[in-house]
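**Student:** this one's sequence-less:
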């Protein structure tokens, strides 16, 4: 019997995980750009620019929420027997 799930079907939480990964990597790049002048002995960016580093944490939380959503959907599916 064939499996009815398609390989490219999106499960609940998949988009949130992908969006979280993108936001995390944007935050990582922003962190590198913001911290680089400190190591290069250049004029540092204004303080509010360090807030962009928070995108890493926000992206991590988004991906974690997507993962939890995916897990709960899988558990519901296992309980119903589909």
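**Tutor:** Nice, thanks for sending it over. Since the structure is predicted, the reported quantities are computational estimates derived from the model, not experimental observations. Residues are numbered from 1 along each chain as shown.

**Student:** Show me what the helix or strand in which residue 15 is found is packed up against.
**Tutor:** Secondary-structure element containing residue 15, defined by DSSP states H and E: helix 14-39. In this structure, helix 14-39 makes packing contacts with helix 54-80, judged by 3 or more C-beta pairs under 8 Å, 6 or more residues apart in numbering; DSSP states H and E. (Each C-beta comes from the backbone N, C-alpha and C, glycine too.)

**Student:** Just give me the residue closest to the centre of the protein.
**Tutor:** Nearest to the geometric centre of the chain sits residue 20, at 1.9 Å (C-alpha atoms, centre = their mean).

**Student:** how about the nearest residue to residue 55, chain neighbours excluded?
**Tutor:** What sits nearest to residue 55 in space, not counting adjacent residues and going by C-beta to C-beta, 6 or more residues apart in numbering, is residue 27, at 2.9 Å.

**Student:** Just confirm that neighbour contacts residue 63, I think it does.
**Tutor:** No. If you go by C-beta atoms under 8 Å, residue 27 and residue 63 don't touch, sitting 11.7 Å apart.

**Student:** buried residues in stretch 59-68?
**Tutor:** By neighbour count, and taking 16 or more other C-beta atoms under 10 Å as the criterion, the buried residues in stretch 59-68 are 59, 62-63, 66.

**Student:** Sorry, wrong one. I was asking about stretch 20-34.
**Tutor:** 20, 23-24, 27, 30-31, 34.

**Student:** Could you dump the residues you listed into TSV and include distance to residue 11 and pLDDT?
**Tutor:** Converted to TSV, the buried residues of stretch 20-34 look like this (distance: C-beta to C-beta, whole Å; pLDDT from 0 to 100):
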residue	distance to residue 11	pLDDT
20	15	96
23	20	96
24	20	96
27	25	93
30	30	90
31	31	90
34	35	89
